[in-house]
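> using only what follows, build the 3D model:
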Amino acid sequence: MSASIAIQVLPNVDTDAEVCRIVDEVIAYIQSTGLTYQVAAFETTIEGENYDELMDIARECLKVAVRSGAPKVSAYIKAVYRPEGDILTIEQKTGKYR
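Numbering: from 1, shown residues only. Down below sits the predicted model:
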């Protein structure tokens with residue numbers, strides 16, 4: 001594994017129910033990518049071999065939120081990239097806590 005991102009999508013909508021609905025759409029998109037991911041209370045972590053692919057997924061997450069009804073969306077994105085070698089995986093970081 002050479003890259004991972006954590007993304008928190010924040011749709012600017014009126015109700016918590018609408019936030020959850022839109023975030024569920026974003027998570028469904030992330031799931032459709034086929035990459036390893038983990039949903040947590042504040043963000044979703046995605047890992048892969050291709051940093052550019054992960055950045056494309058992050059960009060698409062914002063578009064999915066808008067297509068799902070958010071007139072405006074913000075996101076916090078954290079990234080780890082190591083072009084030569086491996087990074088710690090989701091399992092290595094959190095497996096012992098599950």
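
> please save the CA atoms from stretch 88-98 in CSV.
Written as CSV, here are the backbone C-alpha positions of stretch 88-98 (Å, rounded to 0.1, in the frame of the first residue of the first chain):
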residue,chain,number,x,y,z
LEU,A,88,0.7,1.6,7.4
THR,A,89,-2.6,0.1,6.4
ILE,A,90,-6.0,0.6,8.0
GLU,A,91,-5.7,-2.9,9.5
GLN,A,92,-2.2,-2.2,10.9
LYS,A,93,-3.4,1.1,12.5
THR,A,94,-6.8,0.0,13.8
GLY,A,95,-7.2,-3.7,13.6
LYS,A,96,-6.3,-4.3,17.3
TYR,A,97,-9.2,-2.1,18.3
ARG,A,98,-11.9,-4.0,16.5
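
> measure the most far-flung residue of the chain relative to its centre to residue 20 for me?
For the chain, the largest distance from the centre (CA atoms, centre = their mean) belongs to residue 84, which lies 23.0 Å off. Note on residue 84: its distance to residue 20, by CB to CB, to the nearest Å, is 40 Å. C-beta coordinates here come from the backbone N, C-alpha and C atoms, glycine included.

> go on, residue 67?
17 Å.

> cool, thanks, talk later.
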